[in-house]
Each structure stands twice: as structure tokens, then as C-alpha cells.
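J.: what would the 3D arrangement of this be:
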Amino acid sequence: MAVNQLLVNSYALNVYMIGKNSLTNIGLTRPEYVEPVKQRAADNFFIDDIDNALMQGWITPEEHADTLALKDASDPQERPPIEFTAAEPNV
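T.: Purely as a prediction, here's the structure:
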């Protein structure tokens, strides 16, 4: 059965970014969505976002390791630093 990509995106956001759902809960109700959710997180979220989900207790260490293992070089890795530029003086 094909998974609904809108649900995959929503689940990924709610698990990894907000903490309003868990992979365990998704696995109980819709087990076919667990791996696509991990893949969506690996493909779209920075490593520090995934680390934060672990530190907040939203995902388990095993889920964290599984998600990071799905990352490849084309996926976002580290959040780029913010560079501030000096404002031009008022003349």
C-alpha cells in the first residue's frame, strides 16, 4: 500500500520538530509510515534538528541512529552559520 506523502511530511514535522507525536505511536497505528517518516527527516532536517529531537526525548537513541544512517551527502547536514554584515552608515 502506498503511503500518503502529506501524512509522511506531517508526521516527520510532528515527531522531529515539535514533539507532538512519536515513531512508536505511528508504528502502533500506521506501521507502514515509520520508515518513510525517518527517511523524510533524514532528507530534509539538519543533524542538529534530529539531535534536538533526541535530547528532548521525542525519539529514542535507536530511532536517532536509524535516521542519521539514512542521511547521504546530498541531504542537509550542519546548519550554515549566520553571517552578519555591517550596515552602511547613514550619510
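J.: can you get me a residue count around L7?
T.: Close neighbours of L7, defined as other Cβ atoms under 10 Å, add up to 14. Yep, even glycine has a C-beta here, placed from its N, CA and C like the rest.
J.: any idea which helix or strand carries it?
T.: Assigned by DSSP states H and E, L7 belongs to helix 5-12.
J.: what is the mean pLDDT for that helix?
T.: The average pLDDT within helix 5-12 is 97.
J.: and the residue nearest the centre of this structure?
T.: Centroid-nearest residue in the chain, with Cα atoms, centre = their mean: A41, separated by 3.4 Å.
J.: quick check, that one in contact with Y11.
T.: No. Between A41 and Y11 there is no contact under Cβ atoms under 8 Å: 9.3 Å.
J.: related to what we said a few turns ago, helices or strands next to the helix holding L7 in the packing?
T.: For helix 5-12, the packing partners by 3 or more Cβ pairs under 8 Å, 6 or more residues apart in numbering; DSSP states H and E come out as helix 34-44.
J.: report the angle between the helix it packs on and helix 5-12.
T.: 80 degrees (axes from the mean of the first three to the mean of the last three Cα atoms, to 10 degrees).
J.: after helix 34-44, heading C-terminal, what element do we hit next?
T.: helix 47-55.
J.: list the buried residues in the helix or strand following that following helix.
T.: Remark: after helix 47-55, the chain's next helix or strand is helix 61-69, criterion DSSP H and E. Buried positions in helix 61-69, judged by neighbour count with 16 or more other Cβ atoms under 10 Å: E63, H64, D66, T67, L68.
J.: any regions of the protein where pLDDT drops low?
T.: 1, 80, 91 (pLDDT under 70).
J.: may I see the buried residues of helix 61-69 organised as JSON lines, with distance to P76 added?
T.: Converted to JSON lines, those look like this (distance: Cβ to Cβ, whole Å):
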{"residue": "E63", "distance to P76": "18"}
{"residue": "H64", "distance to P76": "16"}
{"residue": "D66", "distance to P76": "18"}
{"residue": "T67", "distance to P76": "13"}
{"residue": "L68", "distance to P76": "12"}
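J.: if we can go back for a sec, how about the contacts made by the residue nearest to the centre of the chain?
T.: Shown in contact with A41 (Cβ atoms under 8 Å, 6 or more residues apart in numbering): A12, V15, Y16, D49, I50, T67.
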